[in-house]
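*Asks:* Here is a sequence together with a model predicted from it:
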Amino acid sequence: MVSTKAKLGIVNEELRSLYDSDFALWVEETAKHLQDRNFQDIDLENLIEEVLDLSRRSRHKLKSLLRRLFEHLLKLRYWQSELDRNQNHWRGEISSFRQQIRDELQSSPSLRGYLRQILDECYLDACETVSITTGLPLNTFPKATLATMEEILEKSWFG
């Protein structure tokens with residue numbers, strides 16, 4: 001007869017194996033163990049990694065949204081040859097990115113500080129991308145963002 005401790009190890013190993021072979025099923029099984037308060041059978045190492053990854057994904061999403069927001073703000077302000085043809089599209093994208101950033105910050109207010117930390121980096125990344133996609137020289141754009149994060153997220157700031 002197999003001891004209870006050995007059984008737990010097998011269940012745990014099976015769950016760890018499932019993590020690599022069928023992630024969706026691993027999530028369902030892990031959730032079931034949590035709901036049943038069956039904590040001893042949880043694949044704790046991978047669960048911890050997934051929980052930490054949730055925060056990384058939120059940060060990555062915010063960074064991407066901020067870069068895209070800056071790209072469209074820069075196009076709207078500096079790409080004059082395409083302004084008549086594209087300004088409504090750019091304004092729509094600017095509005096959408098602002099809304100998505102505000103939504104993320106509403107559900108995770110602690111990320112507001114992170115957004116402030118990456119503001120300059122995202123701005124410079126956007127300048128480089130816009131320079132490449134538009135053919136505008138990189139020195140067309142100011143060397144640093146000319147607004148705070150709060151101003152950039154407001155509808156009244158150029159866009």
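*Replies:* Thanks, I have it.

*Asks:* Quick one: residues contacting the residue nearest to the spatial centre of the chain.
*Replies:* Among the residues of the chain, the one closest to the centroid is Lys61, at 1.2 Å (CA atoms, centre = their mean). For Lys61, the contacting residues are Glu104, by CB atoms under 8 Å, 6 or more residues apart in numbering. Glycine gets a C-beta too; all of them are placed from N, C-alpha and C.

*Asks:* What residues sit buried inside the helix or strand harbouring it?
*Replies:* Assessed by DSSP states H and E, Lys61 sits inside helix 44-78. Buried positions in helix 44-78, judged by neighbour count with 16 or more other CB atoms under 10 Å: 46-47, 58-59, 62-63, 65-76, 78.

*Asks:* ok, now stretch 128-144?
*Replies:* Val130, Ser131, Thr134, Leu136, Phe141.

*Asks:* and the gap between the first one and Cys122?
*Replies:* By that I understand Val130. The gap separating Val130 from Cys122 is 12 Å, by CB to CB, to the nearest Å.

*Asks:* got it, and the last one?
*Replies:* In this view, Phe141 and Cys122 are 13 Å apart by CB to CB.

*Asks:* Let me know the average pLDDT across stretch 82-94.
*Replies:* Per-residue pLDDT over stretch 82-94 has a mean of 96.

*Asks:* One more: stretch 107-124?
*Replies:* The average of the pLDDT scores along stretch 107-124 is 95.

*Asks:* In it, which residues are buried?
*Replies:* Within stretch 107-124, the residues that count as buried by 16+ other CB under 10 Å are Leu111, Tyr114, Leu115, Ile118, Leu119, Cys122, Tyr123, Leu124.

*Asks:* okay, that stretch in CSV with CA atoms only?
*Replies:* Presented in CSV, the C-alpha positions along stretch 107-124 are these (Å, rounded to 0.1, in the frame of the first residue of the first chain):
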residue,chain,number,x,y,z
SER,A,107,-7.6,47.9,-11.7
SER,A,108,-3.9,48.2,-10.5
PRO,A,109,-3.3,51.7,-9.1
SER,A,110,0.1,50.6,-7.8
LEU,A,111,1.4,50.5,-11.5
ARG,A,112,1.1,54.3,-11.7
GLY,A,113,4.6,54.6,-10.3
TYR,A,114,5.9,52.1,-12.8
LEU,A,115,4.4,54.1,-15.6
ARG,A,116,6.2,57.2,-14.4
GLN,A,117,9.4,55.3,-14.2
ILE,A,118,9.2,54.1,-17.8
LEU,A,119,7.8,57.3,-19.3
ASP,A,120,11.1,58.6,-20.8
GLU,A,121,12.1,55.2,-22.0
CYS,A,122,8.8,54.7,-23.8
TYR,A,123,9.0,58.2,-25.3
LEU,A,124,12.5,57.6,-26.7
